[in-house]
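Chemist: I would like to see how this sequence folds:
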Amino acid sequence: MRNRIQRGTLAFRRIFSDLHLRELIKHGAFNFGLRLLSGAIAFLFLVVLGRRLGPEGVGAYVLVLAVTRAVVVVARMGMSGALIRFIAAEAEAGRWDRVRGVFRQAFVAVSASALLLSAVLWVAGGALSSAFGVELRVEFRWIAVAVYPAALTWLFFGALSGLKRVREATFVQVLVQPMVTLPVFLLLAARDGAAPLDAVQAYVAGQGGAALLGAVLWLRARPAGPRAFEWGTLGRMALPFFWVNFLGFVDGWTATFALGVWGTSAEVGLYNAALRMALLTSYVLVGVNSIAAPKFAALHERGDALNVRRTAVNASRLMTVMAAPALVVFLVLPGWPLGLFGAEFVAAAPLLMLMALGQAVNVATGAVSQLLGMTGREKVLRNVTLVAVATNVVLTLILVPAFGATGAAVSTTASWMLFNVGCTIAVRYYLGYWVHCFASAPKEAPRPPVEERAPDDQAGAGDAADTRAASLTYHPSSSSSPS
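Modeler: Next comes the predicted model:
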């Protein structure tokens, strides 16, 4: 037993002896912490919802939220990702008139589309209620109000990230909404008893707060002056980002929509409680991946293939160490954590076990999708994503009508596994090595003197690196979590 402990300690020290991994953690620790805090608050909100509303009430809220997410993805038109790239390039060159011009064009376009789609959602509430078999007309009208501020929040996130204000951008995009939503829901529920409408109204307040803070931070960050930018350039750049966002949405929410149509709101609630629990490990994935992506890009740009491989393997080991305790609990005692939502949610234990298996594969394979994207294999990543999303949709349409929530869990898990295994095989084929928690990491290459290193290795490079990572928006295990 003592020898096993010593071997485990030695392996743990070996992981953290990697200088690139220590830099990776150091530069991204703040944003990682923000995402973990956001996830904790969002999880707590769902726990409160489960205890106050039960599976049926949670399912009703999630259905309304899913429709809203779909509308917001369309309203955004991929502009947030395009803004990151354009504003970062123009600000670096000192062309502030073009920075102001590109933001104004994106703001006008997103405002017009968001307001139009908000009106459509307001009118379509009755038809959507009939499709889901639940009376949610009032809830859909309220949630329509959130479309415009939600779309603007993403816009401000892209603009602030482009100016390398990544900490402010991350705070606005991931933390403000859950911080406002939870206390507002508790106040509304204490006033007249908890109902799905209270959760919807709290969500509207949270999105409004996030958009307002984003506007204030953007106005403070950008210098005043004239505006100049060509119409059409932004739209062409935004289109690929739109399709990435759309694929992420389809992959993350298809099962919820299918359960809403062919199942009951209670099944939607049980499935999403198990999904949310399984996705707790995804905060490890998203946090490490968002830090690893720019590190891969910087090392690849310098031609340092050995340290790209070393960092990727050690990142997968780090993810495994951090996520393993939760995954063991989900696989061995799934009913215990689900009991946090309420006794009725323990029935979702088989769903949690299935999705925990999918998350185990995600964790073990590490940042393989980011590795492909940051080393010039974007088309390969796109093809793997398309296959995984198509598989998810086909399996959902086949399994959900026959098996309900269990079919949804199977299709979700299969999609996660296919995506990560596909990316792992692609890394082996195109880059020549395996990346997973059991792979061997090569010895670290000699480091150049500090004065000769690329800017990414200097102190204060975290925000610049995170700006590059912010445009990598899709990962199948993080695109479906309700908050």
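
Chemist: M237 versus V72, what's the distance?
Modeler: The gap separating V72 from M237 is 20 Å, by C-beta to C-beta, to the nearest Å. Heads up, the C-betas are built off the backbone N, CA and C, glycines and all.

Chemist: more neighbours, those two?
Modeler: Each of V72 and M237 has its neighbours counted (other C-beta atoms under 10 Å); V72 has more, 24 against 17.

Chemist: surely the more buried one meets A150?
Modeler: Yes - counting by C-beta atoms under 8 Å, V72 touches A150, with 4.7 Å between them.

Chemist: Between the two, which contacts overlap?
Modeler: Taking C-beta atoms under 8 Å, 6 or more residues apart in numbering as the criterion, V72 and A150 both touch A114.

Chemist: Quick check: mean pLDDT of stretch 138-156?
Modeler: The pLDDT scores in stretch 138-156 average 94.

Chemist: Enumerate the positions of it that are buried.
Modeler: Neighbour-count burial for stretch 138-156, counted by 16 or more other C-beta atoms under 10 Å, picks out 139-156.

Chemist: do the same with stretch 316-335
Modeler: Within stretch 316-335, the residues that qualify as buried are 316-324, 326-327, 330, 334, counting by 16+ other C-beta under 10 Å.

Chemist: Just name the closest of the residues you listed to V421, please.
Modeler: The shortest approach to V421 among the buried residues of stretch 316-335 belongs to S316, at 13.4 Å (C-beta to C-beta).

Chemist: Can you spell out which helices and strands pack onto the helix or strand hosting the closest one?
Modeler: Using DSSP states H and E, S316 sits in helix 305-332. On a contact count with 3 or more C-beta pairs under 8 Å, 6 or more residues apart in numbering; DSSP states H and E, helix 305-332 meets helix 2-16, helix 19-76, helix 282-301, helix 335-338, helix 349-365, helix 368-374, helix 405-431.

Chemist: now the angle between helix 282-301 and that helix, please.
Modeler: Relative orientation of helix 305-332 versus helix 282-301 (axes from the mean of the first three to the mean of the last three C-alpha atoms, to 10 degrees): 170 degrees.

Chemist: Taking their axis directions, helix 305-332 and helix 405-431 sit at what angle?
Modeler: Using the same axes, to 10 degrees: helix 305-332 against helix 405-431 is 160 degrees.

Chemist: average model confidence for helix 305-332?
Modeler: Helix 305-332 carries an average pLDDT of 88.

Chemist: just stretch 48-58 next, same as before
Modeler: Mean per-residue pLDDT for stretch 48-58: 89.

Chemist: can you list the residues that contact that stretch?
Modeler: For stretch 48-58, the surrounding residues in contact (C-beta under 8 Å, 6+ apart) are 46, 60-61, 182, 185-186, 189, 194-196, 199, 264-270, 272-273, 340-342, 344-345.

Chemist: The same query, at a cut-off of 10 Å, please.
Modeler: Stretch 48-58 is contacted by residues 46, 59-62, 134, 182, 185-186, 189, 193-196, 198-199, 202, 264-273, 276, 338-345, 347-348, 405, 482 when judged by C-beta atoms under 10 Å, 6 or more residues apart in numbering.

Chemist: what's the closest of the buried residues of stretch 316-335 to A439?
Modeler: Of all these, A439 sits closest to S316, with 7.4 Å by C-beta to C-beta.

Chemist: The closest residue to that closest one other than its chain neighbours and T391, how far apart?
Modeler: Take S316 and drop its neighbours on the chain: the residue closest to it by C-beta to C-beta, 6 or more residues apart in numbering is G366, 2.6 Å away. Distance, G366 to T391, using C-beta to C-beta: 21 Å.
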